[in-house]
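*Asks:* Show me the folded form of this:
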Amino acid sequence: MKSQALESYLYGNPERVAEIRQAQKANEQRREAKRPTLSLKPRDGGWSEARKRAEALFSPADPFSVD
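*Replies:* The predicted structure follows:
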């Protein structure tokens, strides 16, 4: 078994060390949990005109257009 260097806080009270490791593991699991995605339904059955204009700005150009 290969020994590894310990952080300074790991040389203290073994109960405290176990508590810290458990907290770190819990935080890691929380970060890895899938976060829900927020989504909104379009109002009045469609996107607003401002949204449509904004989308048009960032849509790819037609490769056969002569603009």
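*Asks:* gap between the two ends of stretch 7-16?
*Replies:* End-to-end distance of stretch 7-16 (C-alpha to C-alpha, to the nearest Å): 13 Å.
*Asks:* Give me the contacts around that stretch.
*Replies:* With C-beta atoms under 8 Å, 6 or more residues apart in numbering as the test, stretch 7-16 has contacts from 17, 20. No exception for glycine: its C-beta is placed from N, CA and C like everyone else's.
*Asks:* So what's the model's average confidence on it?
*Replies:* When pLDDT is averaged over stretch 7-16, the result is 78.
*Asks:* Would you mind listing the buried residues in it?
*Replies:* Within stretch 7-16, not a single residue qualifies as buried, counting by 16 or more other C-beta atoms under 10 Å.
*Asks:* pLDDT below threshold where in the chain?
*Replies:* 1-2, 9-10, 34-36, 38, 40-47, 62-63, 65-67 (pLDDT under 70).
*Asks:* all helices of it, in order?
*Replies:* 14-32, 49-58 (DSSP state H).
*Asks:* Output the last one in PDB with nothing but the alpha carbons.
*Replies:* As requested, C-alpha coordinates have been extracted for helix 49-58 and formatted as PDB (Å, rounded to 0.1, in the frame of the first residue of the first chain):
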ATOM      1  CA  GLU A  49     -41.700  38.800 -32.400                       C
ATOM      2  CA  ALA A  50     -38.600  40.100 -30.600                       C
ATOM      3  CA  ARG A  51     -37.500  36.500 -29.900                       C
ATOM      4  CA  LYS A  52     -38.000  35.600 -33.600                       C
ATOM      5  CA  ARG A  53     -35.900  38.500 -34.700                       C
ATOM      6  CA  ALA A  54     -33.200  37.600 -32.200                       C
ATOM      7  CA  GLU A  55     -33.200  34.000 -33.400                       C
ATOM      8  CA  ALA A  56     -32.900  35.200 -37.000                       C
ATOM      9  CA  LEU A  57     -29.700  37.100 -36.100                       C
ATOM     10  CA  PHE A  58     -28.000  33.900 -35.000                       C
END
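*Asks:* just use 51 as the starting number from now, easier for me
*Replies:* Taking 51 as the first residue, the last one we looked at is helix 99-108.
*Asks:* For that helix, name the packing helices and strands.
*Replies:* The helices and strands touching helix 99-108, judged by 3 or more C-beta pairs under 8 Å, 6 or more residues apart in numbering; DSSP states H and E, number zero.
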